[in-house]
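Chemist: I'll drop the sequence and a predicted model, then ask my questions.
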Number of protein chains: 2
Amino acid sequence: MEAVLGRKTLIVQHAEKLLRRVGFAAFSYQDLADLVEISKPAIHHHFATKEDLGLRVIAYYEEHLDAIVNMVSGQPGGPGARLRAFISAGEEQDSSGEICPLGALQVHFETFPPSMKQATIDLTERMRSWVTGLVTEARSSGEVKDWGTAQEQAALIMSALQGGRQQARALGPAAFDDVSRSVERALFRRAPSNRDSGPDGAQLDGSSTY
Amino acid sequence: MEAVLGRKTLIVQHAEKLLRRVGFAAFSYQDLADLVEISKPAIHHHFATKEDLGLRVIAYYEEHLDAIVNMVSGQPGGPGARLRAFISAGEEQDSSGEICPLGALQVHFETFPPSMKQATIDLTERMRSWVTGLVTEARSSGEVKDWGTAQEQAALIMSALQGGRQQARALGPAAFDDVSRSVERALFRRAPSNRDSGPDGAQLDGSSTY
DNA sequence: GACACCTTACTTACTAGTTGGTAAGGTGTC
DNA sequence: GACACCTTACCAACTAGTAAGTAAGGTGTC
């Protein structure tokens, strides 16, 4: 059995990669079974329906967001540093061709059953409100420019980082770094901290951030 | 036959909507046939393989980009006005739940056959270089802030507008307007021209812009 | 004008293979 | 024996694509 990590967890991890790579409708239980090296009905044993599996994957993303929130809140420095940490969290991860989870959920929205649509909406709204809070604090500390509202700035950050990951699929990883730098320059009064200092910044466990 | 618009064109139009809504792998020839009200093999008559159809849809997007380029270059005012016209072109279109074509191509990239992947890369690069040119002109006219490079600013514009359309799927159309306004405020020295003056701006034929 | 011959645009009926999901049973551990 | 976890064998429904035939219309040539 050698369940070092638990088969169920392994299934979810492979499923989330497939969801992000090709979408929910475009991968089959058989694809997943081949990756996990298990029979197809064994997947059904853990997740009776594909909808169950999809919901679990979204829950996995919720946990991923928790990890980001913790990483950012544990960042040394003031609110500005925390916002910067969030914006640059996605940089210099290999993440070749991997798009951001939230973007994947939104784009494949129409292929979801209702329960997954609702979970997508919930996650998006939670993310939006958290980023808006982050921006609000950074604005009141005076480090961030004050054009527009905090909500508008948060919308820019989320949309740009999400779109950037996708552009990188066609243009290569440098395209994402352009966006990440650009977001920071558009928002902060002072220039970005030096970005190409190697892998010293806080890094998350795995795959691309938000 | 009543081919007012041409069956072939009608097939392409429905296919591009499906591609944008659910992705390339997630719609079937039967889905398409039902929409066009024609038999499934009749679609095969016009497009022997799904790949042929996909390539034609991307060519359709190329034409759509041509239309945007023409609309923008025909805009009264200087380079700044042209850039503003591009940024706000996607606003106040109903486009409920419709994401931008380029984003759809990039996100569904991995489900494409090689020829469609290449066409996606080509279209993305053409778009990137055109937007970068637009930004470069607007910068030299002094209307645009000069943080970062023109390429970085162009990357921000494209990514943000693309991500914004997707966020709107989960958060409603207002989320996109937040982004659109935000992009303009992040880039231009002067505040945006009044945006809620009703539908008087240049509008394109149909569905969501880039 | 009438016949031959072509293309375009479709139809119904089919193929081989894949889809999510199920039924029944085997094997281990507590 | 009860449960977790897995297997093989199967199902109906669906997939892209094919085969074969039909109806309409154009374009020659006599």
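Modeler: Great, that's in hand.

Chemist: ok now stretch A:74-82, how far from the chain's centre?
Modeler: 20 Å (Cα atoms, centre = their mean, to the nearest Å).

Chemist: wait, residue A:170 sits on residue B:125?
Modeler: Yes - the criterion here is Cβ atoms under 8 Å, and residue A:170 meets it with residue B:125 at 7.4 Å. C-beta coordinates here come from the backbone N, C-alpha and C atoms, glycine included.

Chemist: Comparing the two, which shows the higher neighbour count?
Modeler: Neighbour totals were compared for residue A:170 and residue B:125, and residue A:170 leads with 22 against 12 (other Cβ atoms under 10 Å in any protein chain shown).

Chemist: Which elements pack onto the helix or strand where residue A:162 lies?
Modeler: Residue A:162 is located in helix A:150-171, with elements delineated by DSSP states H and E. Secondary-structure packing of helix A:150-171 (3 or more Cβ pairs under 8 Å, 6 or more residues apart in numbering or on different chains; DSSP states H and E): helix A:79-88, helix A:101-107, helix A:114-140, helix A:174-187, helix B:101-107, helix B:114-140, helix B:150-171, helix B:174-187.

Chemist: TSV for these, including distance to residue A:54?
Modeler: As requested, those are exported to TSV (distance: least, Cβ to Cβ, whole Å):
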stretch	distance to residue A:54
helix A:79-88	27
helix A:101-107	10
helix A:114-140	5
helix A:174-187	26
helix B:101-107	17
helix B:114-140	26
helix B:150-171	15
helix B:174-187	23
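
Chemist: Tell me which of the ones you listed approaches residue A:13 most closely.
Modeler: helix A:101-107 (12.4 Å; Cβ to Cβ).

Chemist: for the record, mean pLDDT for that closest one?
Modeler: Averaged over helix A:101-107, pLDDT sits at 94.

Chemist: go on, stretch A:154-161?
Modeler: Per-residue scores along stretch A:154-161 average to 96.

Chemist: Just the CA atoms of it, as CSV, please.
Modeler: This file holds the C-alpha atoms of stretch A:154-161, laid out as CSV (Å, rounded to 0.1, in the frame of the first residue of the first chain):
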residue,chain,number,x,y,z
ALA,A,154,-7.1,45.3,-5.6
ALA,A,155,-9.0,44.4,-8.7
LEU,A,156,-6.0,45.5,-10.8
ILE,A,157,-3.6,43.4,-8.7
MET,A,158,-5.7,40.2,-8.9
SER,A,159,-6.6,40.6,-12.6
ALA,A,160,-3.1,41.5,-13.7
LEU,A,161,-1.3,38.6,-11.8
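
Chemist: Centre of the chain to it, how far?
Modeler: 12 Å.

Chemist: Enumerate every residue touching residue A:167.
Modeler: For residue A:167, the contacting residues are A:175, A:176, A:179, B:106, B:124, B:128, B:155, B:158, B:159, B:162, by Cβ atoms under 8 Å, 6 or more residues apart in numbering or on different chains.

Chemist: can you pick the most crowded of the residues you listed?
Modeler: So for the contacts of residue A:167 (other Cβ under 10 Å), the most neighbours sit at residue B:155, 32 neighbours.

Chemist: That residue against residue A:182, yeah?
Modeler: Yes - using Cβ under 8 Å, residue B:155 makes contact with residue A:182 at a distance of 5.8 Å.

Chemist: Overlap of the contact sets of these two?
Modeler: By Cβ under 8 Å, 6+ apart, no residue touches both residue B:155 and residue A:182.

Chemist: do the helix or strand hosting residue A:52 and DNA strand C meet at all?
Modeler: Secondary structure from DSSP H and E places residue A:52 in helix A:50-73. Yes - contact of helix A:50-73 with DNA strand C (Cβ under 7 Å from any atom of the strand) involves A:50, A:51.

Chemist: wait, what's in contact with residue A:135?
Modeler: Here residue A:135 is in contact with A:83, A:144, A:150, A:153, A:154, A:157 (Cβ under 8 Å, 6+ apart).

Chemist: Next one, pLDDT for it please.
Modeler: Reported pLDDT for residue A:135: 96.

Chemist: That one and residue A:23, how far apart?
Modeler: Using Cβ to Cβ, to the nearest Å, residue A:135 is found at 30 Å from residue A:23.

Chemist: ok, now residue A:44?
Modeler: 20 Å.

Chemist: more crowded one of these two?
Modeler: residue A:23 (24 against 15).

Chemist: if we can go back for a sec, distance to DNA strand C for the helices and strands packed on helix A:150-171 - can I get that in TSV?
Modeler: Listed next are the helices and strands packed on helix A:150-171 as TSV, based on distance: least, Cβ to the nearest atom of the strand, whole Å:
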stretch	distance to DNA strand C
helix A:79-88	35
helix A:101-107	16
helix A:114-140	12
helix A:174-187	30
helix B:101-107	19
helix B:114-140	19
helix B:150-171	22
helix B:174-187	31
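
Chemist: For DNA strand D, find the nearest of these.
Modeler: helix B:114-140 (12.2 Å; Cβ to the nearest atom of the strand).

Chemist: For the closest one, list every residue counted as buried.
Modeler: B:116-117, B:119-121, B:123-124, B:127-128, B:130-132, B:134-139 (16 or more other Cβ atoms under 10 Å in any protein chain shown).

Chemist: swap in stretch A:82-92?
Modeler: In stretch A:82-92, counting by 16+ other Cβ under 10 Å, buried: A:82, A:83, A:84, A:85, A:86, A:87, A:88, A:89, A:90, A:91, A:92.

Chemist: need the residues you listed in a markdown table with pLDDT, can you?
Modeler: Shown next, in a markdown table, are the buried residues of stretch A:82-92 (pLDDT from 0 to 100):
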| residue | pLDDT |
| --- | --- |
| A:82 | 94 |
| A:83 | 95 |
| A:84 | 93 |
| A:85 | 92 |
| A:86 | 93 |
| A:87 | 92 |
| A:88 | 87 |
| A:89 | 83 |
| A:90 | 75 |
| A:91 | 72 |
| A:92 | 61 |
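
Chemist: now the helix holding residue A:162, how far from the chain's geometric center?
Modeler: With Cα atoms, centre = their mean, you get 11 Å for helix A:150-171.

Chemist: Local confidence estimate at residue A:210?
Modeler: pLDDT, residue A:210: 61.

Chemist: cool, residue A:39 as well?
Modeler: For residue A:39, the predicted pLDDT is 90.

Chemist: mind listing what it touches?
Modeler: Residue A:39 is in contact with residue A:33, counting by Cβ under 8 Å, 6+ apart.

Chemist: Got the phi and psi for it?
Modeler: Note on residue A:39: its backbone torsions stand at phi -80, psi 160 [degrees, to the nearest 10].

Chemist: I'm done for today, thanks for sticking with me.
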